[in-house]
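Visitor: sharing a model that was predicted from the sequence below.
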Amino acid sequence: MTVTPNASSRVAGIAEGTSITSSLDGLRSVSFAKITLRIRGLQGSISIVGGTHNIKPADHPVVGGTGDFMFVGGYVRSSPVDLEGVTVVYKIEFHLYWPPYAANGPSK
C-alpha cells in the first residue's frame with residue numbers, strides 16, 4: 001500500500017488477505033485482510049472483514065489490532081479507482097478511533 005496512487009510513492013503498509021466472490025455477477029465478494037501499517041509514528045496491524053463491491057465503495061469493520069493499533073475500533077472504506085482486466089486498484093480510507101483505556105493510542 002502506498003500513500004498516493006503513484007507506484008513510486010512512499011509505502012505506508014502491506015495488505016494481506018483474501019476475497020471470495022459471493023455473487024453470480026462476480027461484482028461482490030467477502031473480504032478478510034490484515035493490514036500492517038507504519039504511519040505517523042504508529043506501527044502495528046489491523047484486521048478487517050466485510051463485503052466488498054468491485055465498482056462501488058464498501059465499508060469494512062475493524063475486528064482487531066496489534067501493536068499501536070491494539071483495541072482500535074472503526075472501519076476501513078475501500079473505493080475502486082482503476083478497473084483494468086482482472087486487476088482492481090482501490091483507494092483505502094481509515095476511520096479509526098482508540099478507546100480511552102487503550103494504552104498505545106495515537107497520543108503516545
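Guide: Perfect, thanks for sending it. Numbering: from 1, shown residues only.

Visitor: how about residue 26, what does it touch?
Guide: With contact taken as CB atoms under 8 Å, 6 or more residues apart in numbering, residue 26 is in contact with residue 54. C-beta coordinates here come from the backbone N, C-alpha and C atoms, glycine included.

Visitor: what about it, distance to residue 99?
Guide: From residue 26 over to residue 99 the distance is 38 Å, taken as CB to CB, to the nearest Å.

Visitor: repeat for residue 84
Guide: Look at residue 84 and residue 99: by CB to CB, they are 40 Å apart.

Visitor: okay, and the beta partners of the most centrally placed residue in the chain?
Guide: Closest residue to the average C-alpha location of the chain: residue 76 at 5.1 Å, with CA atoms, centre = their mean. Beta-bridge pairing for residue 76 (DSSP bridges): residue 60, residue 94.

Visitor: mind checking the SS state of residue 55?
Guide: Of the three states, residue 55 takes coil under DSSP: H, G, I helix; E, B strand; the rest coil.
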